[in-house]
Structures are given as C-alpha cells and as structure tokens.
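Visitor: next input, structure requested:
(4 chains)
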Number of protein chains: 2
Amino acid sequence: MVTIYEIAKELNISPATVSRALNNKPNVSKSTKKAVISIAEKLHYVPNSLASSLRNGRGKTIGIIVPQINHQFFSSIIHGAEKTLISKDYNLLICQSNESFVKEVQSINSLLSSRVDGILISHSKETTTPEHLTNIIKAGIPLVQFDRVFPNIGTSYVTNDNYNSSYHSVVHLLEQGYTRIAHLHGPITSKVHQDRKKGYEQAILNAGIEIFKDHILEGITEETGYNAAKELMSLKNPPDAFFCASDYSALGVLNYALENNLKVPKDIGIVGFANEPFTRLTRPKITTLDQFSENIGIEAATILLNELEDKESTIRRTYSLVPSLTLRESSMRLDANK
Amino acid sequence: MVTIYEIAKELNISPATVSRALNNKPNVSKSTKKAVISIAEKLHYVPNSLASSLRNGRGKTIGIIVPQINHQFFSSIIHGAEKTLISKDYNLLICQSNESFVKEVQSINSLLSSRVDGILISHSKETTTPEHLTNIIKAGIPLVQFDRVFPNIGTSYVTNDNYNSSYHSVVHLLEQGYTRIAHLHGPITSKVHQDRKKGYEQAILNAGIEIFKDHILEGITEETGYNAAKELMSLKNPPDAFFCASDYSALGVLNYALENNLKVPKDIGIVGFANEPFTRLTRPKITTLDQFSENIGIEAATILLNELEDKESTIRRTYSLVPSLTLRESSMRLDANK
DNA sequence: TTGTAAGCGTTATCAC
DNA sequence: GTGATAACGCTTACAA
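Guide: Okay, the predicted model is just below:
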C-alpha cells in the first residue's frame, strides 16, 4: 500500500509537506499542492484512516446499534441518521444486536474500540437494565438513545409519543361509534408498549367508559393477533373494535374477521401501529399510525451532532415525535355507512 | 482513555507483557495474566482497535456495499453475510450507495481507507462500468460481487439464476393453460433483467409460440405495472397472463385487474419476482419467486473468507442460486377451475 | 517469563 | 513554505 513517504520520495519533499498538501492546509504552495495531488493519483494513494484517526484522536465516525437491520422501521432510521451525518462529514458504523443483550454489549465494545465519536442506540428486547451504557458515558462518548430507551440515565433520547398517538387513535374509534374497544398490546416490559396501553386506557376512561379487562390481551404478531381476535369474539360481550399495538396483530384480526364473515369496518373496526407497507395492500386497507421512522434517525443524529459540537454542555434533549394517524377503510365506519 | 501503559504502571510491569496477557499469548505466566485482566477491568480498559489494526496491518474487518439498506432484499443479504463473518471473528462495515455511482465510489474509498480485509459489493443502478473496481483489485483486496455484478472482471460473484427461474415460471404459466403471456421487465441495462427477459423468451419459443413483441413492456413499479396492464389489456389481442420481473409491477397488474373485473387467475394469471412480504397478503395471493436473499449473503461471505484464507489462489467462484417458484393463487388456474 | 525498542502511517509542533 | 521529529496505542523481534 502506498504511503505519503512514497509520494514524498517521488517529489523529493518531506512527508510532512505531502500531508499538508493532501489535507489542503493553507501553508503549502499551490504548485507543490498540485504536484502532490497528481502523484497521489498516479500511485493510487489511499489515505490510511486508521493512522490518521489514531494520530488525531478522532475519526469523524458515529456508531449506531439497532436490534435488527432487516426491519423497515430500523433501516429507515439508519437511513435518516446517515443522511444527516454524511452532510456533516461523519461516517456511520452500523451494528446489529439481533435482539440479544450479549451482542448489544459486544457491539458497544466494538464501537468503543473503534473510537467512535458518538453512539446512537436502540436496545434489544433482552435488554432490561441500562448498566452496560455506563461504559459509554464514563468514556465521555456522547450517547443518544432512540425508540427503545431508558429515560432516566441522563442521556438525550428520541422516541415516538406512543401515549398520545394511542390516545388519539382510540378517540378516533370512539368518534366512529365504536364503544367496546379491545386492545392487543406488545410485551409490557417495554416502555413503548406500556405507553400505548396507557394511552388506550386513558381515552376509554375519558369517554366515561369502564375499562373491560377481558378486552385487553397480548398480541403482537399476525398469529397472536388472530388468536386474540378468535378469543375475544367468542366472549359473551365481544368487542366491536380493536386497537392493536402492531400492524401484524391488526392483520391477524383482519384475517380472522374476513374468515368469519365479520364486516370491517361495519361489524368491527381495526387500527394498527407502524404503517407497515402491507397495511395499504389489504382489503379493506388498515388504518394505522405512521411513525416517520426516517425522522427519528434524523432527529437523533442531529441531537448527537449538537452534543459533539458542544461537549461541555450538559443539556440533554428528549424529543418525542408524534406518529400520525393514517385513516383508512378499516376504521371508517361512518364513511362506510354513507 | 485508558491504555496498556496505565495498566503496566499499575502492576509495575512492561506494556509488552500487558499486551501479551490481553491477547492471551502463551508466553505469559498465568498469574500475571490474571492480574492484568483484573486491572484492565477495574480501569475499564477498552482496546484501541485503530492502533492494533495499524500495527498488525489487518483489522479482521470486511466491508459490504449495497444500493439501499432499507430494502428487505439487501438487508437480508447483509444479515446472512454478518452471521457468516461473525462466526469467523470478522466484523462487517456496512455502506450504502443510495443507488448513486458517486456514493459507490466514495464508499469503496472509505473502505479502502479503513483497510478492510475484503469487500462485498452489489452495484448501484447508476453504475454501468466496472473500472472503479480496479482500485480494489490492484490493492490486492479480495472482492466478491453479488446480485448486481460485472461477470467478466475476474472476481468471484454470487447471483440469482434469473434466467432459469424465469424460464420455469413461464413454463408454469404455460402448464396452467395460459398461451398469451406478457412480460413486464426492469431496466434492460441490468444483466439481472436481461436474464429474466431471456428466460421468458426462451420458454415461449420452446413451447412453439411466437414471441409477440407488443406483449413485452418495461414496468418495475406498482404504477408502471398498472399502466402496462392497462395498455396491454386494451390491445386487440390482449395477454392472458403476466410474468413480471418485480412483485411491485405484479401488484400493479393485480390492482388493474381487480378494478376492471378481470378474474385472477381465471381471466389472467400473474407471476411476480422476489417474494416480497406483501405478495401473500393480497387477495388472490401472488405467485412469485423466492430469492433466499439471506443465502446470497452467506454464500458471498463464505467465498470471501475462502479467498482471504488462500490469497495466492487465483480460483474464482461463481455461484448461482436458483430462486424457488412459490406457487400461490394468482397463477393457479387449474386449481381454481376445479 | 519478561523488558527494550522499533515501527505501523499519519499529523502537529517547532525550527529554519 | 518546508523539513525534522515526536507522538498516537499497540505488537513483536530481540535480548536478557
């Protein structure tokens, strides 16, 4: 591999000057600059970023850790973050935890080893405590959490406003005349799903309706959604609508309804969560909450860049993006009755 | 940041011994090894991989460049590659070209700068010539292309067998009794789409049917698929089936059919390509070709690891995975007629 | 089994 | 405007 020494030898100048020329420093004559660049190209010189990062103590690199890269939600976040960072000349190092706590810790270590300037993280499902993050914080590396976060560890974070968006979804169902609204929630160990459930409950209470515990079940996949629908619809007092914490469980409910001659939205209303691409392909199309996932990435990266610029500042930001209710056929009973 | 010097000072030994202990070399006494590890933990030592890679001349890192990370197809490939590499203790550096040639070149430079040990690449749509790859090859960095490849530049590559899988899809349509089969193809600058078209044409010819040029149109998105269906179905001699090079164009065709009271598969048959998740959610479900994308990643990474182990070898492998025809309702006319 | 010292490729500092 | 030199943190001959 070609180094600046070879370039220097070729031109009979010192490596220091070559370095200055390549980095476009002011104190180099235009002629040497030109000569250096031309020789560098001729020799196919590729700078060694390991060496320069080592020397500089920083490599203009940010690390991001996500549970699964092959999830639209996370890959869009990565996309948003990368766009933002590239514009400020930062590179992005992407790690997956594969929903494993051990792998999450390994990823953190690997990023710290690479001496990244900052870290963006969304935790694995297995991650229940934030202690492993103290290594990052103690090392003085700015850290921004997103989506699945620990709120009280003194870092900035970006989340969806799961509470309010859930609240408004249920209000929407109430406005459409549904009165016995069931909720299929995700793993309640996660704050995300706690908030969605709370928003649901509050909307029900505010409408002066009593919360009917039997109408609240766990169901986050297509299969568990289907089974939950089956179970709930065979109750003496079956629900007339489902607010689902996941588009997949909403799909399960829809499939159950279609198979059992329940008209959607006439007999039952359905609202999902995430605006997965398939929700506009089902018939009827599924009403859902769009999370603007790319914006989560943009926002998290922007906050991180701010903290990078002003390392002394102890201001921590929490940013809550409100998912937008995307109205489609599965919940629009009033329209359907017209 | 803690270095091995601090650990050495703490124990009154030399940094060299610390290094040996941390790297688990044989020529260190068990007691010092233990002591070093315990102090390292106490001080929250994190090895500097920049320094060790620089010193070693290799960092056990592979780079992968994909057009878009937020495409299920590519993120699954990444997933497969990572699984394979991790098992051999390699790290994966992920880059996106965002379908831009300039960004692809930048990504290559960035990976070369990071002194990766090898590179996996699938080209951007804008990439029409392989010259920019010579930098990699000249640098002696093993390179494996996948999916969108340049076959004749002396590197290993992994692709789908687009020709044969297309051929068999059309044979399937013929067996179902369709005789006027249209083809919606992708950008024909790409070998992927050339091969799919050739497979289609050969199957038609082998069946003793004349190729009807008006039945071949470009259409790769939902919208262009819809428009193509509209155009073709208003011909004097409309097709009775569509072999689409993309699930999205197949979806467009399906939507056109549903809106115009054409029964699928009775009036027209549809086959897509890629087994996108939505293809099993439409009604009727869409017959399509599953590409086993994760396997592409596994295969490409495995080949790369082989070349890494035996750098002298000049054997280049080309591996062609055959996408599997996933039969669903949209093309099963015989079943539907029963 | 351990220590000494050189060097990986780069850049900042100081001198000229 | 340019050159010499040291240093970033680590590893590995070579010596002891």
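
Visitor: which parts of chain A are helices?
Guide: A:4-11, A:15-22, A:30-42, A:49-56, A:72-87, A:101-113, A:134-138, A:162-175, A:191-206, A:222-233, A:247-259, A:293-309, A:333-337 (DSSP state H).

Visitor: distance check, the residue lying closest to residue A:288 once chain neighbours are set aside against residue A:196.
Guide: Spatial nearest neighbour of residue A:288, chain neighbours left out: residue A:272 (4.1 Å); criterion: CB to CB, 6 or more residues apart in numbering or on different chains. In short, each C-beta sits where N, CA and C put it, glycine included. For residue A:272, the distance to residue A:196 equals 11 Å [CB to CB, to the nearest Å].

Visitor: between these two, who's got more neighbours?
Guide: Just comparing residue A:272 and residue A:196: by other CB atoms under 10 Å in any protein chain shown the higher neighbour count belongs to residue A:272, 32 against 29.

Visitor: make CSV out of the helices of chain A and add distance to residue B:232 and mean pLDDT.
Guide: Below are the helices of chain A laid out as CSV (distance: least, CB to CB, whole Å; pLDDT from 0 to 100):
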stretch, distance to residue B:232, mean pLDDT
helix A:4-11, 60, 95
helix A:15-22, 57, 96
helix A:30-42, 51, 95
helix A:49-56, 53, 97
helix A:72-87, 32, 94
helix A:101-113, 49, 96
helix A:134-138, 58, 92
helix A:162-175, 41, 97
helix A:191-206, 46, 96
helix A:222-233, 34, 97
helix A:247-259, 31, 96
helix A:293-309, 36, 95
helix A:333-337, 34, 79
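
Visitor: adding distance to residue B:171, write those out as CSV.
Guide: What follows is the helices of chain A, written out as CSV (distance: least, CB to CB, whole Å):
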stretch, distance to residue B:171
helix A:4-11, 59
helix A:15-22, 58
helix A:30-42, 52
helix A:49-56, 52
helix A:72-87, 34
helix A:101-113, 44
helix A:134-138, 57
helix A:162-175, 48
helix A:191-206, 48
helix A:222-233, 33
helix A:247-259, 32
helix A:293-309, 41
helix A:333-337, 44
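
Visitor: show me the one of those helices that comes nearest residue B:157.
Guide: Proximity to residue B:157 (CB to CB) singles out helix A:72-87 among the helices of chain A, at 24.3 Å.

Visitor: picking up where we left off before, quick one: contacts for the residue nearest to residue A:288?
Guide: A:244, A:246-251, A:279, A:286-289 (CB atoms under 8 Å, 6 or more residues apart in numbering or on different chains).

Visitor: list buried residues within the residues you listed.
Guide: Among the contacts of residue A:272, those that count as buried by neighbour count (16 or more other CB atoms under 10 Å in any protein chain shown) are A:244, A:246-251, A:279, A:286-289.

Visitor: tell me, which of the residues you listed make contact with DNA strand C?
Guide: The subset of these lying close to DNA strand C, counting by CB under 7 Å from any atom of the strand, is empty.

Visitor: chain B: which of those is nearest?
Guide: residue A:251 (7.2 Å; CB to the nearest CB).

Visitor: stretch A:319-329 near chain B anywhere?
Guide: No - judged by CB under 8 Å from any CB of the partner chain, stretch A:319-329 makes no contact with chain B; its nearest approach is 14.2 Å.

Visitor: show me what counts as buried in that stretch.
Guide: Buried residues in stretch A:319-329 (16+ other CB under 10 Å): A:319, A:321, A:323, A:325-326, A:328-329.

Visitor: so which of those residues are in strands?
Guide: If you go by DSSP state E, those have A:319, A:321, A:325-326 in strands.

Visitor: any chance of those in a markdown table, plus pLDDT?
Guide: Output for those, formatted as a markdown table (pLDDT from 0 to 100):
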| residue | pLDDT |
| --- | --- |
| A:319 | 92 |
| A:321 | 94 |
| A:325 | 97 |
| A:326 | 97 |
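
Visitor: okay if I get those as TSV plus distance to DNA strand C?
Guide: Output for those, formatted as TSV (distance: CB to the nearest atom of the strand, whole Å):
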residue	distance to DNA strand C
A:319	33
A:321	38
A:325	50
A:326	48
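
Visitor: residues contacting the residue in the stretch 101-250 of chain A that chain B sits nearest to?
Guide: The nearest approach of the stretch 101-250 of chain A to chain B comes at residue A:113, 4.0 Å away (CB to the nearest CB). By CB under 8 Å, 6+ apart, the contact list for residue A:113 reads B:46-49.

Visitor: would you check which of these are in contact with chain A?
Guide: B:46-49.

Visitor: interface residues of chain A facing chain B?
Guide: A:1, A:44, A:46-51, A:53-54, A:59, A:69-72, A:75-76, A:78-79, A:82, A:91, A:93-94, A:96, A:109-110, A:112-115, A:135, A:138-139, A:251, A:277-278, A:281-283.
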